[in-house]
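# starting from these lines, generate the structure:
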Amino acid sequence: MKLKPLVMLIVLSSIFVACTPPAEDEVSFAIEVTDQLGRVVKLEKIPERIISLVPGNTEILFALGLSDKVVGVTEYCDYPPEAQEKPKVGGFSTPNIEEVVALSPDLIIATQRHEASIIPALEGKGLTVFALHPKTLDEVLEAITLIGEITGKEAEASQLVTEMSNRIKAVTDKTDGLSEAQRPKVFSITWHDPIKTAGGDTWQDELIVKAGGINIAHDLTGGYVAISLEAVINANPEVIIADVGMGSGEDSPLQFTLTEPRFRGVDARINNQIYGIDVDLSGRPGPRIVDGLEQFAECIHPQLFAED
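Reported below is the predicted structural model:
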C-alpha cells in the first residue's frame, strides 16, 4: 500500500523528531556540588534566576556572562555598573528574605556570613543556596570554578581562571626569588579612627606577600584588626598602602597617613611611598582581586613593575 504524500510527510517528521537529540536545556543537569562551607548542594537543572548576596559573587556571575540570569543583588553590588540596575534585596549582612522569595530564584549565591540564620531561613522557604567563602587567592579561583560548574559555564570559568592564574604568576615570577632584605615592610591601613590594619589571615596579607613585601601585621589574626599608632611607628614601614573608596570615608585613611604629624619620621612618608588603592580591588574575592595584586606589586616594587 502506498502512503499518500501528506501521510508520508507526517511519518518522516515523526522519525526526525524522535532521532533529534534533546536541546541542551532539556538534558538532565542533576548534580551535587560541595560549596565552600562544606555543604552538599543539589541542583536539578541549570539555574535561570540567580540572586547574589555578596558583591564579590556578583562580580563573578557577571564575569562568566550570567548577567541576564541575575535577577537580584544587594545594595552594595556596584560592579560592573550594570549590576546597579538589578533589583535590590537589601544589604550584604541583612538581605530581605521576603524580597528574595518574591523574585522566585532557583539559585542564591551566599557566603559564610549568612550561614547561621540567612541560609537556613532561605532553605526553609524551599530555595537552593550555594555558599562561597574563599580565604586565599587559590580559593577565589576555586570559587569561580564552582560557580561555572553549577551554572553550566565551565568553559568560561576555566578560561577566566587561566587568565587570572597567568597574571598572578607574572607577578610572583618576579617576587618569589627576592630575599628578605629585598622585601620592604608594608603597612596596610584599612581605617584610621581607630587605626585598623589587615592581619595575617586576610587577602591583603597574601597580596603583600605575593607582591614581594612583608606585612608588619602578619602576626596579628582576626581579620582586620586594631593596631596602635605607636606599633606602626616602631615597625617603621617602608611602604604604606591605604584603602580608599570606603563609603562616606572615601580616602580618609590615605589622608590620615599623609598628614598625621607622628608619621613624619616613618620611612614610607620620608620616601614618599604612601599609596591609595581601591578597597574593592583588594577586599572583594572576585576577578578584580588580581588587579589589586598588580597594584600592590607596583607600589611595593615600582622598579620591577614599572609600566611600559
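# and the strands in the chain, which stretches?
With DSSP state E as the criterion, the chain has strands at 31-34, 40-43, 50-52, 70-72, 107-111, 129-132, 185-192, 195-198, 214-215, 224-226, 239-244, 274-278.
# each with direction, which strands does the shortest one pair with?
By that I understand strand 214-215. Taking DSSP bridges as the criterion, strand 214-215 sits next to strand 185-192 (parallel) in its sheet.
# dump the partner strand to CSV, keeping only the CA atoms.
Listed next in CSV are the C-alpha coordinates belonging to strand 185-192 (Å, rounded to 0.1, in the frame of the first residue of the first chain):
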residue,chain,number,x,y,z
LYS,A,185,58.0,46.3,55.2
VAL,A,186,54.4,47.3,54.4
PHE,A,187,51.6,48.8,56.4
SER,A,188,48.1,48.2,55.1
ILE,A,189,45.7,50.7,56.7
THR,A,190,42.1,49.8,56.3
TRP,A,191,40.7,52.5,58.6
HIS,A,192,42.1,55.4,60.6
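# so which of the strands of the chain is the most surrounded?
Mean neighbour count (mean count of other Cβ atoms under 10 Å) peaks for strand 50-52 among the strands of the chain, with a mean of 29. Any C-beta I mention is one placed from the backbone N, CA and C, and that applies to glycine too.
# what's the mean pLDDT across that one?
The average pLDDT within strand 50-52 is 98.
# of the strands of the chain, which is nearest I168?
With Cβ to Cβ as the measure, strand 274-278 is the member of the strands of the chain nearest I168 (16.8 Å).
# partner strands of that closest one and their direction?
Counting by DSSP bridges, strand 274-278 is paired with strand 239-244 (parallel).
# quick one: the helices in the stretch 201-308 of the chain?
203-210, 229-235, 252-259, 267-270, 279-283, 289-300 (DSSP state H, counting those that start in this stretch).
# nearest to L122, of those?
Across the helices of the stretch 201-308 of the chain, L122 has its closest neighbour in helix 279-283 (24.9 Å, Cβ to Cβ).
# which strands and helices lie in contact with that closest one?
Helices and strands touching helix 279-283, as assessed by 3 or more Cβ pairs under 8 Å, 6 or more residues apart in numbering; DSSP states H and E, comprise helix 203-210, strand 239-244, helix 289-300.
# can you give the contact residues for that helix?
Under the criterion Cβ atoms under 8 Å, 6 or more residues apart in numbering, residues 55, 79, 190, 203-204, 207, 243-246, 288-289, 291-292, 295-296 lie in contact with helix 279-283.
# let's see it at 6 Å
Q204, L207, D243, G245, M246, R288, D291, G292 (Cβ atoms under 6 Å, 6 or more residues apart in numbering).
# okay if I get those residues as CSV plus pLDDT?
Compiled in CSV, the contacts of helix 279-283 are given as follows (pLDDT from 0 to 100):
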residue, pLDDT
Q204, 94
L207, 98
D243, 94
G245, 86
M246, 65
R288, 97
D291, 98
G292, 97
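# return a selection command, for use in PyMOL, containing the buried ones of the residues you listed.
Listed next is the PyMOL selection for buried residues among these, using 16 or more other Cβ atoms under 10 Å:
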select buried, resi 204+207+243+246+288+291+292
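# and the contacts of helix 279-283 as TSV, adding distance to S282?
Output for the contacts of helix 279-283, formatted as TSV (distance: Cβ to Cβ, whole Å):
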residue	distance to S282
Q204	5
L207	6
D243	7
G245	10
M246	12
R288	9
D291	9
G292	4
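# picking that back up, tell me which of the helices of the stretch 201-308 of the chain lies nearest to Q182.
Nearest of those (Cβ to Cβ): helix 289-300, 10.6 Å.
# report the distance from the lengthiest helix in the chain to the chain centre.
Identified as the longest helix of the chain according to DSSP state H is helix 154-175. With Cα atoms, centre = their mean, to the nearest Å as the basis, helix 154-175 stands 14 Å off its chain's centre.
# then stretch 256-263?
On Cα atoms, centre = their mean, the centre of stretch 256-263 falls 31 Å from that of its chain.
# and what of stretch 166-180?
22 Å.
# in it, which residues are buried?
Within stretch 166-180, the residues scored as buried using 16+ other Cβ under 10 Å are I168, V171, T175.
# now tell me what touches it from outside.
K210, G212, V290, L293, A297, L304.
# which of the residues you listed count as buried?
K210, G212, V290, L293, A297.
# how about those residues in CSV, adding pLDDT?
Rendered in CSV, the data for the buried ones among the contacts of stretch 166-180 read as follows (pLDDT from 0 to 100):
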residue, pLDDT
K210, 98
G212, 98
V290, 98
L293, 98
A297, 98
